[in-house]
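Undergrad: sequence and predicted model, in that order:
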Amino acid sequence: MSGYPYDLILFDLDGTLIETAPEIADAVNDTLTSLGHPSVSQQAVNDWIGHGTRELLIQALAQVLGSTTQQVREAEAFPAIEAEFGRHYQRRCGTRSQLYPQVRETLEALRAAGVKLVLMTNKEGRYTQTVLDAHQLAALLDHVISGDTLPVKKPDPAGIHDCLRRFGVPPERALFVGDSSIDVATARNGGIAVWALPYGYNMGEPIESSHPDRVIPDLSALTTQLPVRTTAAPV
């Protein structure tokens, strides 16, 4: 696209497009309560976000049980607990999450300008779709890569490479936008530029410490270089 530096932009989901941590914490604590365990704090959940919902649940169980994540992962009861969490999370999706400022407007502007938009998240696909549907975002995306779409997930760059091939875009014309060190590492591994947002979930660390190419206050920074769309004067 003439005048705009990117033809393809990939976005993280949790902490980047949508604030999802409150309802994830609700679902985790619904699950723990049903098992007779104490709840975990919102801050703990915030710090566990990034590796997918399954890993977050494992972290929570390890904390309340005083065991290792490996012991939780290998426990005979874990599949049933994960299924229980899934029921709670499906019910909670959309109840306490919200779009961050300028998200919908930015995606609409970029899409209207012809930029290809991809969601790349470590959240499992069934939950990704539920969250996107709850906020009517799916129609603004050209492709979605969830944590179980490919054999590997972020920070492996397979999703980036897939999108570069899928849309015929060279690496220098692609950008990753996220909120965590995992997102920065994914972009670096994929050989593309990366911008980061300071308000998301970076496991308790400032995003600046991950050294993205740029830290932006909100998504509207992506539209400042878009060509101005002019309307023809009436004849």
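TA: Yep, that arrived. Numbers count the residues shown, from 1 in each chain.
Undergrad: any idea how far Pro170 is from Pro5?
TA: The spacing between Pro170 and Pro5, counted by Cβ to Cβ, to the nearest Å, is 12 Å. For every residue, glycine as well, the C-beta is placed using N, CA and C.
Undergrad: for Ile192, that is, sorry about that
TA: Between Ile192 and Pro5 the computed distance is 12 Å (Cβ to Cβ).
Undergrad: any common contacting residues for the two?
TA: Common neighbours of Ile192 and Pro5, using Cβ atoms under 8 Å, 6 or more residues apart in numbering, are Leu175.
Undergrad: who has more neighbours out of those two?
TA: Comparing Ile192 with Pro5 by other Cβ atoms under 10 Å, the one with more neighbours is Ile192, at 26 against 11.
Undergrad: not counting sequence-adjacent ones, nearest residue to that one?
TA: For Ile192, the nearest residue in space outside its immediate sequence neighbours is Ala174; the separation is 4.4 Å by Cβ to Cβ, 6 or more residues apart in numbering.
Undergrad: can you give me the strands in this protein?
TA: Taking DSSP state E to define them, one finds strands in the chain at 8-11, 18-19, 98-99, 116-120, 143-145, 174-178, 193-196, 214-215.
Undergrad: in the sheet, which strands lie alongside the fourth one, parallel or antiparallel?
TA: Each strand paired with strand 116-120, and its direction, by DSSP bridges: strand 8-11 (parallel), strand 143-145 (parallel).
Undergrad: Met120 reaches His161, doesn't it?
TA: No - the pair Met120 / His161 is not scored as a contact, 11.4 Å apart, by Cβ atoms under 8 Å.
Undergrad: picking that back up, out of the strands of the chain, nearest to Asn46?
TA: When the strands of the chain are ranked by proximity to Asn46, the top entry is strand 18-19, at 10.1 Å, counting by Cβ to Cβ.
Undergrad: residue contacts, the residue nearest the centre of the chain?
TA: Taking Cα atoms, centre = their mean as the criterion, Leu13 is the residue nearest the geometric centre of the chain, at 2.2 Å. Contacts of Leu13 were listed using Cβ under 8 Å, 6+ apart, and they are 20, 119, 121, 123, 128, 131.
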